[in-house]
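Novice: give me a model of this one.
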Amino acid sequence: MQFRITILTFWFIIASISIKAQQQDSSTQWFPEIRITGGFVVDHSNSMAFAIQKPVKSFQLNYLRTGGHKHWHQNYGFPITGFGYYFVDLGNPKVLGRAHSIFGIVNFPLHRRPHFSINFNSGIGLSYFTTYFDVQNNIYNSAMGSHFNSYFDFSLDLQIHAFKHFWLGQSFGLTHSSNGRTNTPNLGINLLTFRLAIRKANYYAFPKQQTFQTDENNQARWMFNAIASGGIRERSYPGGTKYFVHSFMINGNKKTGKLGGINLGFDFFHDSSISQIYEANNSAEQNYFSKTYSGAHIGLNLMFDSFWVILQQGFKLHNNEPGSEFLYQRLGLNYLLKEHLIFNFALKTYFAKAEFVELGLGYRLDFK
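Specialist: This is a model prediction of the structure:
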């Protein structure tokens, strides 16, 4: 009963704020949405078999808006944006616990009509897990090595305007949380879920969007940047030594359309944790360059004005890391702080296995 009262309280508070916001600006509609979710934890490793017991139960509260006052809104078909809160009971309170997440939302339309729409929904943010691995009290939680973790959610959803003031929806999606190997173990939690949603929105069709005339001849076709980043990682056992990792990237970006373009570049990495491998093999004392490797990458950019997403596939050209793989990937977010100054946040991985998180600054040059 208390759980349901809490959901309804949040619903009415957000609904009242949305009505006030709509009265102030008719071109933008703010509205609440609630999602009830069922699903299961994906058993993606043999070590998680003891932890998974029951299906997950969860709910999500979103505060969303329509609008079209930015160039990237037009380029992506005027998506719905906003923020949300997500609670999930992972079906094993003692081992996996529960999680609370807050995140930003972008809901991209794939097919939209006045009374229904098919969308790709994305959410990125931060999660807090109530339990994680502990060598004395929780040895079966091989998924989480810390309270705080990243949050990623992707789903395909259908929205139908069923009543005058309400939209109903259903979706199927994947949710992932992990800490980027800053603490081990870090297998991460992956959830496959089915969601039912109700949205309070007072529109039959979306409000009239603002359109922009862009001067293609005055926009940068090529962008070159250099980014220096750093991070922390644990390599093997939980509670072990934390090692500093730093990287340097030189990148060329070619704009190929309104949504983004391709990128090519080179990477240099120095990983202090490689010394742990040498020590385990009783190798001789190593110097700075014996803990380095370099590579080349190719990838895609998705641009949202001053903010863009980078997806890269890398190939090692020189490698001093024993037993490591030839390939690596990078999923990142870049933000243009000033005219040339870039903030970088990225996750370097080997496919589904996170290696470390990069935080850094860079410099960008544009050429038409």
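Novice: domains of the protein?
Specialist: According to automatic domain parsing, the chain comprises the domains 2-200, 216-367.
Novice: lowest average pLDDT across the ones you listed?
Specialist: Set side by side, the domains of the chain give their lowest mean pLDDT on domain 2-200, at a mean of 86.
Novice: for the stretch 251-368 of the chain, which segments count as strands?
Specialist: 260-271, 292-304, 307-319, 327-336, 341-350, 353-367 (DSSP state E, counting those that start in this stretch).
Novice: Asn137 is nearest to which of those strands?
Specialist: Asn137 lies closest to strand 353-367 among the strands of the stretch 251-368 of the chain, at 24.5 Å (C-beta to C-beta). Placement of C-beta: from N, CA and C, glycine included.
Novice: which neighbouring elements make contact with that closest one?
Specialist: strand 222-233, strand 243-255, strand 327-336, strand 341-350 (3 or more C-beta pairs under 8 Å, 6 or more residues apart in numbering; DSSP states H and E).
Novice: ok, it: who's next to it in the sheet?
Specialist: strand 222-233 (antiparallel), strand 341-350 (antiparallel) (DSSP bridges).
Novice: what about Gly77, how many residues nearby?
Specialist: For Gly77, the tally of surrounding residues (other C-beta atoms under 10 Å) stands at 14.
Novice: bridged to the nearest residue to it once chain neighbours are set aside, which residues?
Specialist: Nearest non-adjacent residue to Gly77, counting by C-beta to C-beta, 6 or more residues apart in numbering: Pro109, 4.8 Å away. With DSSP bridges as the criterion, Pro109 is bridged to Asn119.
Novice: wait, Pro109 sits on Ser117?
Specialist: Yes - using C-beta atoms under 8 Å, Pro109 is in contact with Ser117, at 5.7 Å.
Novice: more crowded one of those two?
Specialist: Neighbour count, other C-beta under 10 Å: between Pro109 and Ser117, Ser117 has more, with 20 against 17.
Novice: how about that one, secondary structure?
Specialist: Here Ser117 is strand, with the state taken from DSSP: H, G, I helix; E, B strand; the rest coil.
Novice: check Arg181 too.
Specialist: coil.
Novice: how much space is there between it and Ser324?
Specialist: 14 Å (C-beta to C-beta, to the nearest Å).
Novice: which one of those two is surrounded by more residues?
Specialist: Arg181 (25 against 16).
Novice: for the more buried one, give its distance to His44.
Specialist: 16 Å.
Novice: equivalent analysis for Leu156, please.
Specialist: 21 Å.
Novice: with Arg113 instead?
Specialist: Relative to His44, and taking C-beta to C-beta, Arg113 is found at 37 Å.
Novice: quick one: which of the two has more around it?
Specialist: His44 (13 against 10).
Novice: quick check: phi and psi at the more buried one.
Specialist: phi -100, psi 10 (degrees, to the nearest 10).
Novice: now it: how far from Asp153?
Specialist: 17 Å.
Novice: repeat that for Ala228.
Specialist: Applying C-beta to C-beta to Ala228 and Asp153 gives a distance of 30 Å.
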